[in-house]
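1. A predicted structure for the sequence below; I have some questions about it.
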Amino acid sequence: MSYFAVFDGHCGESCSQFLKDNLHDYIINNPEFPNDIQSSMVKGFEKAEEIFTKEYAEKNMEKTARQVFSLIKALR
C-alpha cells in the first residue's frame, strides 16, 4: 500500500505541517485498518482535526489547510 499527499498551508504552515507529520499515523493506527480503509480514513481525518484544533486553538494560529492525497492498494 502506498500513501501520497500534498498539504497546502494557504494561511500558513502549521496545519499542513501537522497533517504531514501525523495524518498517515492516524489512518494506519485505526483498529479498522486495513480491512475498512474508507472508515479508517474518515476516522483518521476526524482524529487529526480534533487534536490539531485542541493543540493550536490556544496558540491563535491559522487552522486550515487544503489537502489532496491518495492511498493506493495493490490488487493481487
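-> Arrived safely. Numbers count the residues shown, from 1 in each chain.

2. quick one: contacts for S70?
-> S70 makes contact with 3-5, according to C-beta atoms under 8 Å, 6 or more residues apart in numbering. (Glycine included, C-beta is placed from N, CA and C.)

3. hmm, I was thinking of G44
-> 23-24, 26-27, 30.

4. recalculate using a threshold of 6 Å.
-> Neighbour list for G44: 26-27, 30 [criterion: C-beta atoms under 6 Å, 6 or more residues apart in numbering].

5. give me the pLDDT value at it.
-> With respect to pLDDT, G44 has a value of 95.

6. part of a helix, is it?
-> Yes: with DSSP: H, G, I helix; E, B strand; the rest coil as the criterion, G44 is assigned to a helix.

7. start the count at 157, not 1, going forward
-> Fine by me, first position is 157 from now on; the one you just mentioned is G200.

8. thinking again about what came up before, narrow the contacts of S226 to those in helices?
-> Among the contacts of S226, no residue falls in helices (DSSP state H).

9. export these to CSV and tack on distance to F201?
-> Converted to CSV, those look like this (distance: C-beta to C-beta, whole Å):
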residue, distance to F201
Y159, 14
F160, 16
A161, 12
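
10. relative to S195, which of those residues is nearest.
-> Y159 (16.4 Å; C-beta to C-beta).

11. hmm, Y182 and that closest one touching each other?
-> No: checked against C-beta atoms under 6 Å, the pair Y159 and Y182 is beyond contact range at 11.8 Å.

12. tell me which of those two has more neighbours.
-> Using other C-beta atoms under 10 Å as the criterion, Y159 and Y182 rank with Y182 on top: 21 against 12.

13. would you state the helices of this protein in chain order?
-> Using DSSP H, helices in the chain cover 170-184, 193-213.
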